[in-house]
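[1] Structure of the sequence below:
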Amino acid sequence: MVIFRKNLIIFFFFIMVNMFSQQNSLQLYKIENGLPSNQIIDITQDQIGYLWVTTDKGVVKFDGNDFVLINKQKATSVLSKNNTIFLGTNNGLIIKKTDNEQFLETKKVNKIYTYKNNIYVATVQGIYKNNKDYLKPLRLNTQIDFSIVTDIIFLNDSFYVATNKGLWILNDLDNPIKVKKIINDNIVCLTKFQKKIIVATKNNGLQIVDNNIVKKQISTLKNISSIEKIKNDIWIASYDNGIEVLSLPSFTFKHKINKYNAIATNKIIKVYNDIENTVWLATNKGLYSLKNTQKQKNNNSKIFFENLVVNHQNVDSLLYSKKKVKFTPSENNILFKFKSINLIYPKNILYRYKINDNFSSWSTKNEVQFANLKAGKYNFKIQSSVNGKKSDIKSFSFIIDQVFYKKIEFILALIGLFFVIGYFILDSYIKSIHQKNKAKVEKLQSENHLLSLEQKALQLQMNPHFIFNVLNSIKALGNSGKTEELNSTISSFSKLLRNILNNSRLEEISLHSEINSLKNYIELEQKMSSKIFNYDITTSLNSIDPEEILIPSMLIQPFIENSIKHGFKALKKGKITVSFEVKNKFLECTVIDDGIGINQSKKQKENTAHQSVALKIAKERIENISSLNSFKINEILENKIVKGTKIWFKIPLKTDY
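    As a prediction, this is how the structure comes out:
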């Protein structure tokens, strides 16, 4: 009877092993397949589908084909959250985002737990919370803070903390008010089932906690390393007894997995179930995968943007979550990396893409680069296919900005600037024309005024009384028979008239001609005038020939005429001195008479109602020749007695060479 029972047990054992083998495809990955070590410690899967495997010689990620070494450091635990991988080590926490890596020092990490975007780290000495740049130790309870924390779980508005000294329940991890110990044992790990907590102890099997009370104890393997709920089973792994699978909710024995029936070792560190329902076993002999051949239709056909490289620089992958991204004109070399993970059929994954236009053909290539993209809007789309099953299409919209000088705003601003500049240029040009016209008008007015003065001067130069007197004198000389004196007078008068007529056609004459005209005029005045006077004309020209110096014609005559007509009225005999001198590029002229003085002369003019304008016109002519001219009329005083009049002026020296 005893032999029959033993044989019956052996028979059922082999039947179960055979059934397990038929339903599962077993595969072993070792160093030969790309692992850095056969000592596997922990396993997790990220949102793309990569399997992250930690070993005692580094961390790798696995896409079903290749193991890629990510970090050479030994990691005791691993957690994937969003686009971030958290690696627990013997002395801290590694936070890895794409190519950026941060290390936060702490005690040896046993477990990394996430709750509402918070990261909690269970260590060999209490629990720490990630505060971006450091790990903050949480003060929960004296026993917890100095215990080895092995696991954390949240259920029914409470946190359950597993330690080597028992199981604790807390209302909060950051600021706990209620802290209670509900099991006093060495707790290895925790999992949830139907709002109950399954507690794995080191050597006392499983305990089922319901409403914070232990409702049931289950005998199972000793030296438990981890437990994992997979569908309606609970997988119990041990360090030296392989795996025992119990059916839920009865917790009845289903089958075992150990070195006697399926795998090469009894040391199982971790059991992990991926999104394709493939069970992975972390052992000291490598990484096992148990693919359920009856569930092969459950293909992962999701596709993800994996990386974005702009101008050969990695860009934050969070850009993919934005509706539209704008790149600068120079950021036009873009590399897209995308990925679908299927650990069952890694070689059957195909990809296609399109940018604005039609899809490309299917290929195994999971990256595409666009060089020198033109400015504009783009919509990049990707899709994958696993055994003919297509994923949803994912898209990424972006804009390559236009270079600034081609932007409509810049063009409009440039046009506006051109208009403004054109306006100022035109305004400046018009003002310049106005100023030039004004200058021309002023010059013409000045020239007209000067011509008018010259006309008046010419009219005044030949004083009608003077001509009348000359003609009467000629008549008297003729009647008296003084032929020689008559001829001399007529000759002098004719020379004077000829000089005046010749000079009237010229704006300027030589100083020599001016002096000769003055001599003729003065000598005629001496003959015709009832007043007796002498004259003297001197020059000091710095060795310049009078023929080479130019001067307006008959410029001096009005001053001499004024001296003769008005200065010598009360004198029996007078004298006129005329001098020309060159000084500092100016021609200075001085007319001195020893008459009654300019002021007395003016009084006599007022009394006689004589209005002489010759002096005024001559002064205006001098002032209009140049702005550098000077003109002065002063009385000559000796002991406060008037001894005559001095007229002085200077004009710029002008020569004909």
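[2] Count the residues that sit near the nearest residue to E523 once chain neighbours are set aside.
    Of all residues not flanking E523 in the chain, S492 sits nearest, at 5.9 Å (Cβ to Cβ, 6 or more residues apart in numbering). The C-beta positions use only the backbone N, C-alpha and C, and glycine is treated the same way. S492: 17 surrounding residues under other Cβ atoms under 10 Å.
[3] S492 sits in which helix or strand?
    S492 belongs to helix 483-504 when elements are defined using DSSP states H and E.
[4] which is the next helix or strand following the worst-scoring helix or strand of the chain on mean pLDDT?
    Sorted by mean pLDDT, DSSP states H and E, the helices and strands of the chain end with helix 2-23, the least confident at a mean of 45. On the C-terminal side of helix 2-23, the closest following helix or strand by DSSP H and E is strand 24-29.
[5] could you give me the average pLDDT of the next helix or strand after that following strand?
    Note on strand 24-29: by DSSP H and E, the next helix or strand toward the C-terminus is strand 40-45. Across strand 40-45, pLDDT averages out at 96.
[6] what's strand 40-45 packed up against?
    On a contact count with 3 or more Cβ pairs under 8 Å, 6 or more residues apart in numbering; DSSP states H and E, strand 40-45 meets strand 51-55, strand 77-81, strand 268-273, strand 279-283, strand 286-292.
[7] Mind putting the ones you listed into CSV with mean pLDDT, mean neighbour count and distance to I408?
    Output for these, formatted as CSV (pLDDT from 0 to 100; neighbours: other Cβ atoms under 10 Å; distance: least, Cβ to Cβ, whole Å):
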stretch, mean pLDDT, mean neighbour count, distance to I408
strand 51-55, 96, 25, 49
strand 77-81, 95, 20, 44
strand 268-273, 96, 22, 57
strand 279-283, 96, 24, 57
strand 286-292, 89, 21, 59
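[8] how about V271, what does it touch?
    S226, I227, E228, I230, W235, A237, I243, V279, W280, L281, A282 (Cβ atoms under 8 Å, 6 or more residues apart in numbering).
[9] Closest one of the residues you listed to S530?
    Using Cβ to Cβ, W280 is the member of the contacts of V271 that lies nearest S530, at 147.2 Å.
[10] which ones are touching the closest one?
    For W280, the contacting residues are I43, L51, V271, Y272, N273, D274, L287, Y288, S289, L290, by Cβ under 8 Å, 6+ apart.
[11] Can you tell me which of the residues you listed is closest to I334?
    Closest approach to I334 among these (Cβ to Cβ): L51, at 28.7 Å.
[12] Could you list everything the closest one pairs with in the sheet?
    Listed beta-bridge partners, L51: Q45, F62 (assigned using DSSP bridges).
[13] and if you look at V199?
    Counting by DSSP bridges, V199 is bridged to L190, Q207.
[14] swap in Y115?
    For Y115, the beta-bridge partners under DSSP bridges are N118.
[15] which residues are in contact with stretch 283-290?
    With contacts defined as Cβ under 8 Å, 6+ apart, stretch 283-290 is touched by 24-31, 35, 38-40, 43, 53, 263-265, 267-269, 278-281, 343.
[16] Between its first and last residues, how far does stretch 81-89 reach?
    From its first residue to its last, stretch 81-89 covers 17 Å (Cα to Cα, to the nearest Å).
[17] Contacts for that stretch next, please.
    By Cβ under 8 Å, 6+ apart, stretch 81-89 touches 46-47, 52, 54, 59, 70-71, 73-80, 93-98, 108-112, 114, 119, 121, 317-318.
[18] mind listing what's buried in stretch 519-531?
    Neighbour counts over stretch 519-531 (16 or more other Cβ atoms under 10 Å) mark K519, N520, Y521, I522, E523, L524, E525, M528, K531 as buried.
[19] now that stretch: mean pLDDT?
    Rounded mean pLDDT across stretch 519-531 is 80.
[20] Next: stretch 107-120.
    On average, stretch 107-120 scores 94.
[21] Same check on stretch 244-258?
    Stretch 244-258 carries an average pLDDT of 94.
[22] can I get the CA coordinates of that stretch in PDB?
    The C-alpha trace of stretch 244-258 is given here as PDB (Å, rounded to 0.1, in the frame of the first residue of the first chain):
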ATOM      1  CA  GLU A 244       6.200  26.500  -5.800                       C
ATOM      2  CA  VAL A 245       3.100  27.600  -7.600                       C
ATOM      3  CA  LEU A 246      -0.200  27.800  -5.600                       C
ATOM      4  CA  SER A 247      -3.700  28.300  -7.100                       C
ATOM      5  CA  LEU A 248      -5.800  31.300  -5.800                       C
ATOM      6  CA  PRO A 249      -7.900  31.800  -3.900                       C
ATOM      7  CA  SER A 250      -7.600  28.300  -2.300                       C
ATOM      8  CA  PHE A 251      -3.800  28.400  -2.100                       C
ATOM      9  CA  THR A 252      -3.700  24.800  -3.100                       C
ATOM     10  CA  PHE A 253      -0.600  23.300  -4.600                       C
ATOM     11  CA  LYS A 254      -0.400  23.400  -8.400                       C
ATOM     12  CA  HIS A 255       3.200  22.500  -9.400                       C
ATOM     13  CA  LYS A 256       6.800  23.100  -8.700                       C
ATOM     14  CA  ILE A 257       9.700  24.400 -10.800                       C
ATOM     15  CA  ASN A 258      13.200  23.300  -9.800                       C
END
